[in-house]
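S.K.: coordinates for the following, if possible.
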Amino acid sequence: MPWPLGVPALVAVLFLLLPLVGLLVRAPWRGLPRLLADESVAQALRLSLVCASSATGLSVVLGVPLAWVLARSRVPGTSLLRALVTLPLVLPPVVGGVALLLAFGRAGVVGRLLDDWTGVTLPFTTAGVVVAETFVAMPFLVVTVEGAFRAADRGFEEAAATLGASRLTVFRRVTLPLVAPSLVAGAVLSWARALGEFGATITFAGSFPGRTQTTPLAVYLALETDPSAAIALSLVLLVVSVAVLALLRDRWLPGGHA
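M.R.: Numbers count the residues shown, from 1 in each chain. So this is what the prediction gives:
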């Protein structure tokens, strides 16, 4: 390897790995079980798991049909729709939280009607956390599954249709099994993104222990009062991230099939 390339590459590796090494070195390993067993920490972890799983389920229910429309529709404006759908991928999370407040807040475009008709308010509730996490996580699933829909062999679908299967049956019995690996990968990515969401959540749902304070929010707040607890929670999120990378290694890392 020529040194003009090797030296910057080494600097890049050190830059990316040293913060993780620092986290591992400063981790309170002996007190880790006690810290994770603390009620506030366990509460934040449970809430994060529930909200991230709910957001992933909502992303699958809504995102798979949307991915199919983006992949198969020939209606004018599909490209613009695709750009708008993927916008949360690059939108600053805090801006996303503000947008959610303007849309679903008590004085928002939809939130005002929701409050008047049903008495339901989303901001600063657990449901609001799920909405915020879905907003930032669903594009990961949509992008992944859309690519799978485009790459799927249409011959199997056409063969099923010629045998008399309805469009819904073809989608359920043929198309979905074809894209199942990508669907699982997209769901895992969405779950991991939802689990680590911070900006949109704190802006739209706030940080109330037991109700909206997820693990990333608990880490941020614990840095000021209990750094050891913040490090312990950070280690949990680090382990989850490593597990996600290991699960998707063959699909997303170099040398895989993507």
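
S.K.: only C-alpha atoms for contact and neighbour calcs from this point on.
M.R.: Will do.

S.K.: what's the burial count for residue 3?
M.R.: 8 (other C-alpha atoms under 10 Å).

S.K.: got the contact list for stretch 11-26?
M.R.: Residues outside stretch 11-26 that contact it (C-alpha atoms under 8 Å, 6 or more residues apart in numbering) are 231, 235.

S.K.: quick one: list the elements packing against the helix or strand harbouring residue 218.
M.R.: Residue 218 is part of helix 215-225 when elements are defined by DSSP states H and E. In terms of contacts (3 or more C-alpha pairs under 8 Å, 6 or more residues apart in numbering; DSSP states H and E), helix 215-225 is packed against helix 39-72, helix 227-247.

S.K.: pick the most buried one from the ones you listed.
M.R.: helix 39-72 (a mean of 20; mean count of other C-alpha atoms under 10 Å).

S.K.: can you map out the helices along this structure?
M.R.: Shown for the chain, the helices assigned by DSSP state H span residues 3-25, 32-37, 39-72, 78-85, 93-104, 111-118, 126-151, 154-162, 167-170, 176-195, 199-204, 215-225, 227-247, 249-252.

S.K.: now the angle from the helix holding residue 218 to helix 176-195?
M.R.: Counting by axes from the mean of the first three to the mean of the last three C-alpha atoms, to 10 degrees, helix 215-225 points 20 degrees away from the direction of helix 176-195.

S.K.: pipe the helices of the chain into CSV and attach mean pLDDT per row.
M.R.: As requested, these are exported to CSV (pLDDT from 0 to 100):
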stretch, mean pLDDT
helix 3-25, 89
helix 32-37, 84
helix 39-72, 93
helix 78-85, 89
helix 93-104, 94
helix 111-118, 89
helix 126-151, 94
helix 154-162, 82
helix 167-170, 83
helix 176-195, 91
helix 199-204, 94
helix 215-225, 90
helix 227-247, 87
helix 249-252, 60
